[in-house]
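*Asks:* below is the sequence, then the predicted model.
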Amino acid sequence: MDKVLNGQIALITGASSGIGAGVAKSLADAGATVVVNYPVEATKAAAQAVLDEITSAGGKGIIAQCDVSKEDQVEKMFADIVAQFGTLDILVNNAGLQRDAKFDEMTLEQWNTVIDVNLTGQFLCARSAIREFLRRGPRPEVSSATGKIICMSSVHEQIPWAGHVNYASSKGAIKMLMQSLAQEYGDRHIRVNSICPGAIQTPINKSAWETPQALNSLMTLIPYNRIGKPEDIGNLAVFLASDQSDYITGASIFIDGGMTVLESFSDNG
């Protein structure tokens, strides 16, 4: 991969597995120094394994523990990054989780857990990133933009999802968070966009692809007839973090094999 992110520092939240790990590897391959965030001590080994793969391929980075739903932990993580590297150029707001239930059976804890991580976590990290971008100002030697934020959303910012109301609500809100930040800080050349994955082969949705029967059922929703890989998301993240996308801000970019064109209507519904 071309080193289009040389000299830039990138934080990827929730990067110890799945999409986050794929994005971290892709950004490192493009030349960025990556901060592989993990939430709790139990996921430290997985984060270190991601970093080991990056460094063995010639990339650079560190791991950083932080529960993104906790304000004090987020602020400490950003302060540590600035202390070690001098600044931050790219934030990939990826950390997210599911706590699924029928709506009439959903507990307040299930609702709050998803909103706290998926939405409040993105707010806290974006706020800290924007504060750092504004503090240091432009770095034209590495990027045309003063800073780049990539919010990890989902096709479910557009497609309702029964049984996952907390998750879908968090993703719909991320769309407005992203667009409002792009509007508010565009004149400072801070670019904010969202990646909206469809079905990606990660541990969070293993039940949807781990058996031939489940995978065949999933394919009825995907016109392109394959499940996505974390590297598909990583490739898009590199593009959105690079100057190749310098005129793109406030955009939700769907990467879903065509899921949002609703293949179930291909035979007249």
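*Replies:* Received the coordinates, thanks.
*Asks:* tell me which helix or strand of the protein sits lowest on mean pLDDT?
*Replies:* Among the helical and strand segments of the chain, the one scoring lowest on mean pLDDT, DSSP states H and E is helix 212-219, with a mean of 89.
*Asks:* so what's the gap between it and the chain middle?
*Replies:* For helix 212-219, the distance between its averaged C-alpha position and the chain's averaged C-alpha position is 25 Å (C-alpha atoms, centre = their mean, to the nearest Å).
*Asks:* send me the helix or strand following it as CSV with only the CA atoms.
*Replies:* Past helix 212-219, heading to the C-terminal end, the next element that is a helix or strand (DSSP states H and E) is helix 230-241. The C-alpha trace of helix 230-241 is given here as CSV (Å, rounded to 0.1, in the frame of the first residue of the first chain):
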residue,chain,number,x,y,z
PRO,A,230,-12.2,-6.1,8.0
GLU,A,231,-9.7,-5.1,5.3
ASP,A,232,-12.5,-3.8,3.1
ILE,A,233,-13.2,-1.3,5.9
GLY,A,234,-9.5,-0.6,6.4
ASN,A,235,-9.0,0.3,2.8
LEU,A,236,-11.9,2.8,2.9
ALA,A,237,-10.5,4.3,6.2
VAL,A,238,-7.2,4.9,4.6
PHE,A,239,-8.8,6.7,1.7
LEU,A,240,-10.9,8.9,4.1
ALA,A,241,-7.9,9.7,6.3
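*Asks:* shift numbering so it begins at 7
*Replies:* Got it, first residue is 7 now, which makes that one helix 236-247.
*Asks:* quick one: buried residues of the least confident helix or strand of the chain?
*Replies:* Leu224, Met225 (16 or more other C-beta atoms under 10 Å). Using the backbone N, CA and C atoms, a C-beta is placed for each residue, glycine as well.
*Asks:* cool, thanks, signing off.
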